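K.L.:
Pasting the sequence and the predicted model now:
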Amino acid sequence: MSITTPKSSDQITVGSIETMHDETRIMVNDLAPTNIGRSSINTDHLGAATLVQEAGSQYDLDDTVTAEVSSYGGSNYGLAYPNHAALLAEVTSWTTVTTAAISTTTIRNGSPMIINFSCNAAQFLNSGGAVMKTTQQFMVWFAILIERTITSTGAASNLAIEEAVVGVHLQESIEYIEDIPSTGSPNVKDRIGGVNHPVSYTVMHETSSSYTYGTIKLQAAICPCDASLVGGASGNKFKVQCAYLNYIILEPGS
Amino acid sequence: MADIPPITGVFTSGGVVDAETLYKESLFSPTDSPNNLSAITFEILNGGLTSDNFVGTGNSLKAHQIEMGAMAQGYYFGFDRTDFVYGEVFNSTNETVLDIVRGTDRVIHSSLSCSVFIPWDTKAIMYGYQAMFAHDCSYYQDYNGGTDDHSEFYDLEIQIGNDLDPDASSTAATNPSLQLHQILPHNRLALETNGTVIDGDPYSPVADEGSFRYVSKTGMISSTVSKGYLQVIVTVGAKIMNNDPRKSKIKTPSGSIWIMALR
């Protein structure tokens, strides 16, 4: 849309001024998005407008993960799943470390939901709960589970975000060298404790208005990394400390 | 709503354009109150329009139409030269709070701290740090002639807010020192053979690189924070029992701290 201005050789008349005034005021009084230029809107115009629909966090300072990956006993030790349904069943059976509740029931369609978690994968524990000799033969898995229902029916339709499933190999070194004799191999001492692996990641989920969102859960399980350990649950556990789960739901794009 | 009226018929002196009438009726009328809605001029364009003037559907604008920083503002600082904190600066006292073992004598990490200005009230603030830590911590077996083992450690916490107390332990949103706590493990051995750990006892003085840790923490304040200055600090604590703590240190060869405020 443009304003009709007098040409340089024209005489400025009452009519031409009224025309310019009218064309401008009509545009301004009902301002179309196409007439708003780059960087035209700043905090003075935005009032109470927000970018964030909802944000929240939850934590668990000290927890013990007892769940073990269910494919322990099979030939595919470690985590293996053919489809989302199998992954969802697997992740759902794991230990819930912490749960963040989403209070906004009507999240707009297509909203970016950014989920972040961090924790300290602290120690290996034996079946009796004692700190055990560190080993390279285990890893821990973490996953984000979103609990939601289909709005129209109320039926559960939970989601395990596939890219949010991450395995962490917990220890790089399991022995200290005590001394080096003049002949033979170094004398070594088993390493006890001292795992303390920081774990963190961020994932994004695009919401759908077809669902009513309930909670976001951090799930975890222990898993063997060595074929010799396959064949049954070990009873081993690991301690998770300072698990912190947070999320933010932004306004959707147009 | 700012509704600029037409000026048809305001020029009455024989259809002649006069500057005073043009100015008062169309451009700027200094003698009329801004609240006089029947006398609005184009002066209203200086920030006087309201959302009622907008005729787009769904109150929707393109991102480029909003000034950068109007909806979100952030700060990032990264470094790649080594920062040192020596064990000697700590008094090695520690405590257990809600199952978290932490040093009670803490120092602010000079590279992982910042003060930022937030220009408007926020609806959420995301913040965090990432850094590689190369540290020296011993595991003392049969310490001091006894049967107890003792582990040295360094630990990291982060706080956000103002008038921060680096030593405080808390789970409050503005001081999540426990929620985002991270302990760095022992990575060398001291084995007692003579009643106490002395020179000549088995000792692995070189820290095991496999126990260096890359720490990444992200925090969230999901409630309103009023505009103004805001501090974010990472603090370091320790339990160092080394006979010569001057040799024990925590090095940070690279890292970054960041904050993002959203309205």
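P.N.:
Received it, and whenever you're ready, just let me know what you need.
K.L.:
From here on, just use CA atoms for contacts and neighbour counts.
P.N.:
Will do.
K.L.:
Closest residue of chain B to chain A?
P.N.:
residue B:67 (3.9 Å; CA to the nearest CA).
K.L.:
so that residue sits right up against residue A:39, yeah?
P.N.:
Yes. In this structure, residue B:67 is within contact of residue A:39 by CA atoms under 8 Å, at 3.9 Å.
K.L.:
who's in contact with residue B:115?
P.N.:
B:229, B:230, B:231, B:232 (CA atoms under 8 Å, 6 or more residues apart in numbering or on different chains).
K.L.:
cool, and residue A:53?
P.N.:
Counting by CA under 8 Å, 6+ apart, residue A:53 has contacts A:104, A:107, A:248, A:249, A:250, A:251.
K.L.:
For the stretch 101-250 of chain B, what lies in contact range of chain A?
P.N.:
B:123-124, B:178-189, B:191, B:202-204, B:208, B:210-211, B:213-222 (CA under 8 Å from any CA of the partner chain).
K.L.:
can you rerun that using 7 Å?
P.N.:
Within the stretch 101-250 of chain B, the positions adjacent to chain A are B:123-124, B:178-186, B:188-189, B:202-204, B:210, B:215-217, B:220, B:222 by CA under 7 Å from any CA of the partner chain.
K.L.:
What's the ChimeraX line that selects buried ones from those?
P.N.:
Those of these that count as buried under 16 or more other CA atoms under 10 Å in any protein chain shown are selected in ChimeraX with:
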select /B:123,124,178,179,180,181,182,183,184,185,186,188,189,202,203,204,215,216,217,220,222
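K.L.:
any idea of the pLDDT on residue A:49?
P.N.:
Note for residue A:49: predicted pLDDT of 86.
K.L.:
May I have the secondary structure class of the nearest residue to residue B:259 once chain neighbours are set aside?
P.N.:
Nearest residue to residue B:259 in three dimensions, chain neighbours excluded: residue B:127, at 4.0 Å (CA to CA, 6 or more residues apart in numbering or on different chains). Secondary structure assignment for residue B:127 (DSSP: H, G, I helix; E, B strand; the rest coil): strand.
K.L.:
So which residues of chain B form helices?
P.N.:
Listed in chain order, the helices of chain B (DSSP state H) span B:19-22.
K.L.:
what pairs with the longest strand seen in it, and is each one parallel or antiparallel?
P.N.:
Secondary structure of chain B per DSSP state E: the longest strand is strand B:249-262. The pairing partners recorded for strand B:249-262 under DSSP bridges are strand B:72-79 (antiparallel), strand B:83-86 (antiparallel), strand B:124-135 (antiparallel).
K.L.:
follow-up on the earlier one: could you list every residue that touches the residue of chain B closest to chain A?
P.N.:
Residue B:67 makes contact with A:39, A:40, A:41, A:42 under the criterion CA atoms under 7 Å, 6 or more residues apart in numbering or on different chains.
K.L.:
Thought residue B:68 was touching the third one, still the case?
P.N.:
In this case it means residue A:41. No. Residue A:41 lies out of contact with residue B:68 (CA atoms under 7 Å); the separation is 9.3 Å.
K.L.:
Looking at the two, which one has more neighbours?
P.N.:
Higher neighbour count among residue A:41 and residue B:68: residue A:41, with 19 against 15, using other CA atoms under 10 Å in any protein chain shown.
K.L.:
which non-adjacent residue is nearest that one?
P.N.:
Closest to residue A:41 by CA to CA, 6+ apart is residue B:66, at 4.6 Å.
K.L.:
which residues does residue B:133 bridge with?
P.N.:
Here residue B:133, judged by DSSP bridges, has bridge partners residue B:213.
K.L.:
Return the residues in contact with it.
P.N.:
Counting by CA under 7 Å, 6+ apart, residue B:133 has contacts B:212, B:213, B:214, B:250, B:251, B:252.
K.L.:
For the residues you listed, which PyMOL command selects only the ones that are buried?
P.N.:
Buried subset of those, written as a PyMOL selection, criterion 16+ other CA under 10 Å:
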select buried, chain B and resi 212+213+214+250+251+252
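K.L.:
biggest separation within the contacts of residue B:133, which pair?
P.N.:
The span of the contacts of residue B:133, defined through CA to CA, is set by B:214 and B:250 at 12.6 Å.
K.L.:
follow-up on the earlier one: just the pLDDT for the residue of chain B closest to chain A.
P.N.:
At residue B:67, pLDDT is 93.
K.L.:
same check, this time on residue B:217
P.N.:
What the model reports for residue B:217 is a pLDDT of 97.
K.L.:
same thing with the one 3 residues further on?
P.N.:
Residue B:220 carries a pLDDT score of 96 in this model.
K.L.:
That one touches residue B:126, doesn't it?
P.N.:
Yes. Using CA under 7 Å, residue B:220 is in contact with residue B:126, at 4.7 Å.
K.L.:
quick one: residue B:249 and residue B:82 touch, right?
P.N.:
No. Using CA under 7 Å, residue B:249 is not in contact with residue B:82; the gap is 11.8 Å.
K.L.:
Which one of these two is surrounded by more residues?
P.N.:
residue B:249 (20 against 15).
K.L.:
who's in contact with the more buried one?
P.N.:
Residues in contact with residue B:249 (CA under 7 Å, 6+ apart) are B:84, B:85, B:86, B:87, B:135, B:136.
K.L.:
partner residues bridging residue B:72?
P.N.:
Under the criterion used here (DSSP bridges), residue B:72 is bridged to residue B:262.
K.L.:
Identify the residues contacting it.
P.N.:
Counting by CA under 7 Å, 6+ apart, residue B:72 has contacts B:260, B:261, B:262, B:263.
K.L.:
Just the closest of those residues to residue B:50, please.
P.N.:
Nearest to residue B:50 among those, with distances taken as CA to CA, is residue B:263, at 19.2 Å.
K.L.:
And the closest one, how close does it get to residue A:110?
P.N.:
19 Å (CA to CA, to the nearest Å).
K.L.:
For chain B, give me its nearest residue in the stretch 51-200 of chain A.
P.N.:
In the stretch 51-200 of chain A, the residue that lies nearest chain B is residue A:194 (4.6 Å; CA to the nearest CA).
K.L.:
Could I get the phi/psi values of that residue?
P.N.:
Main-chain dihedrals, residue A:194, degrees, to the nearest 10: phi 70, psi 30.
K.L.:
I'd assumed residue B:185 was in contact with it.
P.N.:
Yes. With contact defined as CA under 7 Å, residue A:194 reaches residue B:185; the gap is 4.6 Å.
K.L.:
just checking, residue A:18 is part of a helix?
P.N.:
Yes. Assessed with three-state DSSP, residue A:18 lies in a helix.
K.L.:
which residues touch it?
P.N.:
Applying CA under 7 Å, 6+ apart, the residues near residue A:18 are B:7, B:8.
K.L.:
related to what we said a few turns ago, including neighbour count, distance to residue A:190 and pLDDT, could the contacts of residue B:249 go into CSV?
P.N.:
Below are the contacts of residue B:249 laid out as CSV (neighbours: other CA atoms under 10 Å in any protein chain shown; distance: CA to CA, whole Å; pLDDT from 0 to 100):
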residue, neighbour count, distance to residue A:190, pLDDT
B:84, 17, 30, 95
B:85, 19, 29, 93
B:86, 17, 27, 91
B:87, 26, 25, 89
B:135, 26, 20, 94
B:136, 30, 18, 90
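K.L.:
Pick out whichever of these sits closest to residue A:90.
P.N.:
Checking the contacts of residue B:249 against residue A:90 with CA to CA, the nearest one is residue B:135 at 37.5 Å.
K.L.:
ok, so what distance separates the nearest residue to residue A:163 once chain neighbours are set aside from residue B:249?
P.N.:
In this structure, residue A:163 finds its nearest non-sequential neighbour in residue A:203, 7.3 Å apart by CA to CA, 6+ apart. Residue A:203 is 34 Å from residue B:249, where distance means CA to CA.
K.L.:
Residue B:129 contacts residue B:217, doesn't it?
P.N.:
Yes. Using CA under 7 Å, residue B:129 is in contact with residue B:217, at 5.6 Å.
K.L.:
Which of the residues of the stretch 101-250 of chain B next to chain A fall within strands?
P.N.:
Going by DSSP E, the strands hold B:124, B:182, B:183, B:184, B:188, B:189, B:215, B:216, B:217, B:220 from those.
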